[in-house]
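Visitor: Sequence and predicted structure, then a few things I'm wondering about:
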Amino acid sequence: MVGGGPAGAAAAITLARNGRRVVVIERGNLPHQKPCGALITPRAASALTRLDLDLVDTFHRVDHVRITSGELSTSTRWPDHPVYPDHGFVAHRDRFDQNLADAMREAGATILEGHEATAPIVDRGFVRGAHVTAPDNTTFEARADYTVVADGANSRFGRSLGTFRQPTWPSALAHRGVYRSALHDASEIEVVVDLRDRAGTPITGYGWMFPRGDGTVNVGVLIFSTSPSFRVVNSAHLHQRFVGEHRARWHLDPDVVAAPSGGRIPMGLSVGPAAGPTYLSVGDAVG
């Protein structure tokens, strides 16, 4: 397993619980300190429930979604669904990753933190594991019958296998920060769909306010590459204006708790090939 983020962890937990010997090569240290909206939708909550992860006592539950466009705003419950719950959660990314890491270890997976999978081991066209660099700069081979590539949006390991992103397919830029707010314990998230650039041109994307239940709110923006001004919009400046526009209504404290930051997100399964005879890419690594 190359990468121990949410997608890699979910695969590792499932495989280990089904009797497979799983080794997770994780370049960083868990939990991750990564900018993230950290909204767990009902669909994601259902997936985590199947992994036997306890969400109710860990994260802030949200029952409603408010959609706002200009002066118009409406609130609704999550849609009824025969499988998914009627609520979501807002998580702390570090706590979320720690829960996943604990579940991997409890399932029997071995996690090698601070180890980097630098290149695949390829034998007669089959991926047979990874060349690994340890924290002390020693190197070794981690051989495997099957390799799961889950090293995130940049996926250097995937690129070394020949994966590439279709440049004409959609991608996105996201930027978020965390602020203290009197509305931190609201049971409602808000999604704002009328983003505009400085010239007033509509932006394909949305902004959000996600209450975390701990005195803070996660506030962010996401811009799709289909926006006319995508190449010239500065996501950090857009986020700054968005926070200013909604500061009073959400009682956002001027002093930021987690500094605004973000990055590019591949989407729509725009990265491929997603699989080969002995490997599979998952999560952001495959868009």
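Guide: Structure received. Numbering: from 1, shown residues only.

Visitor: any idea which residue sits dead centre in this protein?
Guide: Centroid-nearest residue in the chain, with C-alpha atoms, centre = their mean: residue 36, separated by 6.0 Å.

Visitor: For that residue, which non-adjacent residue is spatially closest?
Guide: Spatial nearest neighbour of residue 36, chain neighbours left out: residue 93 (4.3 Å); criterion: C-beta to C-beta, 6 or more residues apart in numbering. For the C-beta atoms, the positions are set from N, CA and C on the backbone; glycine is no exception.

Visitor: In this structure the one you found contacts residue 40, no?
Guide: No: using C-beta atoms under 8 Å, residue 93 is not in contact with residue 40; the gap is 10.8 Å.

Visitor: on that earlier part again, ok, now which ones touch the residue nearest to residue 36?
Guide: The contact partners of residue 93, taken as C-beta atoms under 8 Å, 6 or more residues apart in numbering, are 31, 32, 33, 34, 35, 36, 38.

Visitor: so what's the second one closest to, chain neighbours aside?
Guide: Counting by C-beta to C-beta, 6+ apart, residue 32 lies nearest to residue 97, which is 4.9 Å off, once chain neighbours are set aside.

Visitor: and what of the fourth one?
Guide: Taking C-beta to C-beta, 6+ apart as the measure, residue 34 lies nearest to residue 93, with 5.7 Å between them; neighbours along the chain are not counted.

Visitor: before we move on, the earlier item: what kind of secondary structure is the residue nearest to the centre of the chain in?
Guide: coil (DSSP: H, G, I helix; E, B strand; the rest coil).

Visitor: For it, grab phi and psi.
Guide: Phi and psi for residue 36, reported as degrees, to the nearest 10, are phi -160, psi 140.

Visitor: Looking at it now. What's its pLDDT?
Guide: Predicted confidence (pLDDT) at residue 36: the value is 88.

Visitor: Isn't it up against residue 176?
Guide: Yes: taking C-beta under 8 Å as the definition, residue 36 is a contact partner of residue 176 at 7.2 Å.
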